[in-house]
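>>> turn this into a structure:
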Amino acid sequence: MEIRPTNTPSHELLLLADESEASVADYVGRSRCFAAFEEGRIIGQYLLLHTRPFTAEVVNIAVRPDRQRRGIGTELLRHAIDTARAEGFRLLEIGTGDSGTGQIALYERCGFIRCGIDRDYFRKHYPAPIFENGAECRHMVRLRMELFEERPAE
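I've put the predicted structure just below:
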């Protein structure tokens, strides 16, 4: 598997991670896409967006369903962390629906810490209710990671 930038993200994977065409259309042109390739095929990808000074966000991350639970998502997140750090960002953020317990666990395993909740985000911004794991996805769980190195005490 090789992870590298691409100018042609998989639309299927974009919608797997975010089922709102309008939401994807809003950030896809402003983001940079990095994809995991295997035998010339995209098997996973993430989009990195510069959101505020010194801050980047992984706004979309997905792995093909037949390739999930094999460490590809973890590798993509590690790549995003390394890329953001190398580019001088101090914070890396990511958000997901409150019903996405697997995604939240993955992000926390990779070192992200919960930092907030956007209440009723999906009810306000998506045209139809989203259900995942048998529950309505209502709130956006926000997580972040500090990327700068701690300075030793003097």
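>>> what residues are up against Gln103?
The neighbours of Gln103, taking CB atoms under 8 Å, 6 or more residues apart in numbering as the test, are Thr96, Gly97. Where you see a C-beta, it was placed from the backbone N, CA and C, and this is true even at glycine.
>>> now it. Its backbone dihedrals?
With angles defined as degrees, to the nearest 10, Gln103 sits at phi -60, psi -40.
>>> show me what the helix ranked longest in the chain is in contact with.
Assignment by DSSP state H gives helix 72-86 as the longest helix of the chain. Contacts with helix 72-86, where a contact means CB under 8 Å, 6+ apart, come from 1, 3, 34, 36, 43-46, 48, 56, 58, 61, 63, 92, 106-107, 109-111, 145, 147.
>>> what subset of the residues you listed is buried?
Among the contacts of helix 72-86, those classed as buried by 16 or more other CB atoms under 10 Å are 3, 34, 36, 43-46, 48, 56, 58, 61, 63, 92, 106-107, 110, 145, 147.
>>> may I have the phi/psi pair for Leu106?
Note on Leu106: its backbone torsions stand at phi -60, psi -50 [degrees, to the nearest 10].
>>> give me the pLDDT for it.
For Leu106, the model assigns a pLDDT of 94.
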